[in-house]
Each structure stands twice: as C-alpha cells, then as structure tokens.
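Undergrad: turn this into a structure:
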Amino acid sequence: MTPDRYEVSTAGRQRLTGVMQKRGTRMGYPAGVGFAIGIVFIAAGAAISLFLARKSAIQGQHYATHAPQWVPILFGAIFVVFGFLPLGMAWKQFAADRRRREAALRYPNEPALADYEWHPNGFEVSEWPAVAKAVASALVWTALVSIFNWGAFHANGPLVFRVITTVLDVVGVMIWIGAGKQLLRALKFGHSRVEFAVFPYCPPKPVEIRWQPHKGIEVVNMGAFTLRCVEEWTESHGTGKSRTIVVIHEEIWSAKWDLEQPRSFQPEEEMDLRFDLPADARSTQLAAKKPVFWELEVKLDLPLLGFKETYLVPVYSRA
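TA: Model (predicted):
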C-alpha cells in the first residue's frame, strides 16, 4: 500500500513541540557525576528509612504528632528511587562510551555502525517500555502523595495544606489515566518496525523504507508519514532550585506522505514509502555533543486510540 500525496516542507528550520525523546547517546555530563549523584540520593534514602523511622515523628508549626513508621520509610524509599535515575543514566552513558570506542576499532570504515548500535535490516519500536515508565511514574507519585495525604487528613493538617494535597491527588489520578491509556495502546498495537531497503542511506540517493505495523490497525481515517532531519541539544531555564533542563529538537528538513482518505488495513499490512533526500542532507551523528539524526514519524487518526510513533533512520553522508 502507498499513501496519497507527497510534499517537501519549505518552512526551513523550526523547533518541534510536544514531549521530546532524547536520541543522543551523551548524557550532558560525565558518567562519574551521574554515579556520584545517584549514590548520594540512595545513601540519603537509606539513612532516612533506617534511622528516622525509629523516631518516626513529624512536627509542624500548627500541629505536632507522631507519624506511623511507614511514612519515613516510604519517604526514604522515594529518595532511593530517585537515586536510581541518575545512576541508570550514568550506566547508559558509560555503556554507550564503551560501545563507541569498541565500534570505532571494529568498524573503522563504517561510520554508521561506529556511531550507533544499528540493526542493518530495520528499526523496531515496542509500546511496552513506555507502559513500564508510565506505571513506575504513577507508583512513585502515588507513594509521594500518600505522605501528603497522611499529613493533611489523618494528622489534621492546615486547610491550605489539605487543598494543596487534594490538587496533588487530582494530578495523580490524571497520571494513572495516562498510564492506563499507554497500557491500552500497548495491548492494541504491540510493536511495530520499519524495514530498511539499504543500510545506510547515503544522499542524494532516496530513502526507500517499509513500515510494518504489528496489529490493531484496521481503519485509518487520515494519517501522515514524515521523514525529518533533527538537531538536538539541551537548554537550562531558571536558576538555583527552580533550574530546569529541557531537551530541544529543531527540524532541519522534512518531507511527508499524507493519507487523505479513509483506508482499511489488512492484518499486518505494510506501507512502502520513498523520500527524495537533498544533496546536502546532514549526516546522522548520534554520538556527537550536539546530535543530528533522521527519524520517520508515523501519525494515524484511528477510531478511539490514535497511533503515533517514531523510528530512527540511518542516513549518513558516506557509507
């Protein structure tokens, strides 16, 4: 099956919006820093759970009461969980650096394989890792808010504290709803993949690619298949405790195929796509400090649950 209409964007460089998935393999700071931050959080959480749980007392300006032992234990456990986040990122950075060094020696004349751990026949995406992350986030939020709920309602906290806690409870419900939707997507769509006609793609030769949905797509109202070149970096906003770091994705070039009419999909039906690349197309550099990568975005308007997924595409200026 092929789409209806093809067009190349003339908008030039533009920032992408929405939740950005970090694609570069560098963390932004040395792996040792990540390990150190993670160990500090884990140690602090263990100290809270082991020592403060014995006293198990919470005192406030308007009230003083003894908290049950589960409150400091749970509070410490949350610190431990947050400690594993930078620890996991540091390990990922360490493993990526090691793989990059080994690949440079193993594939000295193959920049694609030296840059990223590609599977030359295609790129597969599963919905289940997103489910695990969504459920884990919901569980951590629920654990954190349960401490607020005890202080606000069981310990007769101030009215303002109870109002804030109620708002946090509503946010928690929304997080669980989001996790439920993610679970439904995983049950409906499972996994999907793209198959590469060649590896890697070298401009100005076209990208010929085949999209292979696994299941769950029967009728498509409308849809778009967009190939884009993206540059990625991070920006920090604010100072001190309010400082946040956000991932920025800026589109350099894109072209897309549109589905303009409703289509029926047979089980595991495939979609063949061809994109003509510009002669000066940027080369993929996922291991760079400011990564550049190519991705195929599939966005389909379906009854009930929509489908949206992105797949990395190996476009390199030379093989």
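
Undergrad: domain-wise, how is the chain divided?
TA: Residue ranges for each domain of the chain read 5-25+191-313, 26-115, 128-189, as given by automatic domain parsing.

Undergrad: out of these, which gets nearest to residue 122?
TA: domain 5-25+191-313 (4.4 Å; Cβ to Cβ). The way it works is simple: take the backbone N, C-alpha and C, and place the C-beta from them, glycine included.

Undergrad: settle this for me: residue 312 is touching residue 295, isn't it.
TA: Yes - using Cβ atoms under 8 Å, residue 312 makes contact with residue 295 at a distance of 5.7 Å.

Undergrad: now do the shared contacts for those two.
TA: Residues touching both residue 312 and residue 295 by Cβ atoms under 8 Å, 6 or more residues apart in numbering: residue 23.

Undergrad: and those two? Which one has more around it.
TA: Neighbours per residue, other Cβ atoms under 10 Å: of residue 312 and residue 295, the larger number sits with residue 295, 22 against 17.

Undergrad: work out for me the element the closest residue to residue 14 other than its chain neighbours sits within.
TA: Of all residues not flanking residue 14 in the chain, residue 251 sits nearest, at 5.3 Å (Cβ to Cβ, 6 or more residues apart in numbering). In this assignment (DSSP states H and E), residue 251 forms part of strand 244-259.

Undergrad: return the list of strands paired to that strand, each annotated with direction.
TA: Next to strand 244-259 in the sheet, as set by DSSP bridges, lie strand 5-8 (antiparallel), strand 14-15 (antiparallel), strand 222-237 (antiparallel).

Undergrad: can you list the buried residues in the longest helix belonging to the chain?
TA: Longest helix of the chain, by residue count under DSSP state H: helix 70-106. In terms of neighbour count (16 or more other Cβ atoms under 10 Å), helix 70-106 has its buried residues at 71-83, 86-87, 89-90, 93-94, 96-97, 99-100, 103.

Undergrad: show me where the stretch 1-150 of the chain has helices.
TA: 31-47, 53-55, 70-106, 111-115, 128-149 (DSSP state H, counting those that start in this stretch).

Undergrad: format those as a markdown table; extra columns: mean pLDDT and distance to residue 225.
TA: Below are those laid out as a markdown table (pLDDT from 0 to 100; distance: least, Cβ to Cβ, whole Å):
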| stretch | mean pLDDT | distance to residue 225 |
| --- | --- | --- |
| helix 31-47 | 83 | 36 |
| helix 53-55 | 60 | 54 |
| helix 70-106 | 83 | 29 |
| helix 111-115 | 88 | 22 |
| helix 128-149 | 90 | 21 |
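
Undergrad: for those, which one sits closest to residue 188?
TA: Among the helices of the stretch 1-150 of the chain, helix 128-149 comes nearest to residue 188, with 11.8 Å by Cβ to Cβ.

Undergrad: now do the buried residues in the closest one.
TA: So helix 128-149, judged by 16+ other Cβ under 10 Å, has buried residues 130-131, 134-135, 138, 140-141, 144-145, 147-149.

Undergrad: also stretch 192-211?
TA: Buried-residue list, stretch 192-211, by 16+ other Cβ under 10 Å: 192-194, 196, 199-203, 207, 209, 211.
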